[in-house]
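**Q** The sequence isn't on hand, but the structure is:
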């Protein structure tokens, strides 16, 4: 029996080109299949991997018997993040895990018959995958493991079932996203000036947001134009 709907994760309200990316990811997830599937999301820093993963979590987490989103996986000690993974899925505190091997045994024993959604965000080393999602056999039928990383080779070595590369924003998408942050709505008066600034952003959503935030602080029209010139 499925658990109650999990709490949604916080995500930006200003998203551009997001729905199409979610649709593309849905085809890789193959939600109708009872197989355990591991999917990798890769791309350079600031491209939007984490945002996409959060969107997927919010969209499908309610379809599982337990779900866990582990942000910045690379920054946490092995046994501690294993403990958080189990606590998220079981909905209860987990006793101290002495070492990584004990954590692996507990994950396999506890989750092998559960349909779970696990998202491992910003993985940078194969060892992190080995002690959190070392094998599909650790998880129950229909489980989905989603891994975000800057390192495509790492995902290949772990033999994920599908790969999704997050692409840079197109020029029109970058302008729209910039306008949402800088002006609260697209403003064609700033198309040419914005283009000069956005060239430096190179289609990276994070960089576009930073430039937008810089301009929004300029209250007057002239101030915004000076910011972009």
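**A** That came through fine. Remember, it's a predicted structure, so these values are computed and weren't measured experimentally.
**Q** Determine the number of other residues adjacent to residue 211.
**A** Look at residue 211: counted by other C-beta atoms under 10 Å, it has 21 neighbours. From N, CA and C alone the C-beta is placed, and that goes for glycine too.
**Q** Repeat that for residue 59.
**A** Close neighbours of residue 59, defined as other C-beta under 10 Å, add up to 14.
**Q** Checking my notes, it in a strand, right?
**A** No - read with DSSP: H, G, I helix; E, B strand; the rest coil, residue 59 is helix and lies in no strand.
**Q** what's the domain layout of the protein?
**A** Here the domain parsing of the chain from automatic domain parsing is 18-165, 171-228.
**Q** Format those as JSON lines; extra columns: distance to residue 11 and mean pLDDT.
**A** Output for the domains of the chain, formatted as JSON lines (distance: least, C-beta to C-beta, whole Å; pLDDT from 0 to 100):
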{"stretch": "domain 18-165", "distance to residue 11": "5", "mean pLDDT": "94"}
{"stretch": "domain 171-228", "distance to residue 11": "13", "mean pLDDT": "74"}
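**Q** List the contacts of residue 49.
**A** 41-43, 121-122, 148-150, 166 (C-beta atoms under 8 Å, 6 or more residues apart in numbering).
**Q** My error: substitute residue 95 in the last question.
**A** Not one residue lies near residue 95 by C-beta under 8 Å, 6+ apart.
**Q** Is it in a helix, a strand, or coil?
**A** coil.
**Q** Now residue 55: closest residue in space that isn't a chain neighbour?
**A** Leaving aside its chain neighbours, residue 55 sits nearest to residue 22 (5.7 Å; criterion: C-beta to C-beta, 6 or more residues apart in numbering).
**Q** element containing the one you found, please.
**A** Counting by DSSP states H and E, the element that carries residue 22 is helix 18-29.
**Q** contacting residues around that helix?
**A** Contacts of helix 18-29 from elsewhere in the structure, counted by C-beta under 8 Å, 6+ apart, are 37, 39, 41, 48, 51-52, 55-56, 59-60, 144, 161-164, 166.
**Q** rerun that using 10 Å as the cut-off
**A** Applying C-beta atoms under 10 Å, 6 or more residues apart in numbering, the external contacts of helix 18-29 come out as 11-12, 15, 37, 39-41, 48, 51-53, 55-56, 58-60, 117, 144, 146, 160-164, 166-167, 173, 205.
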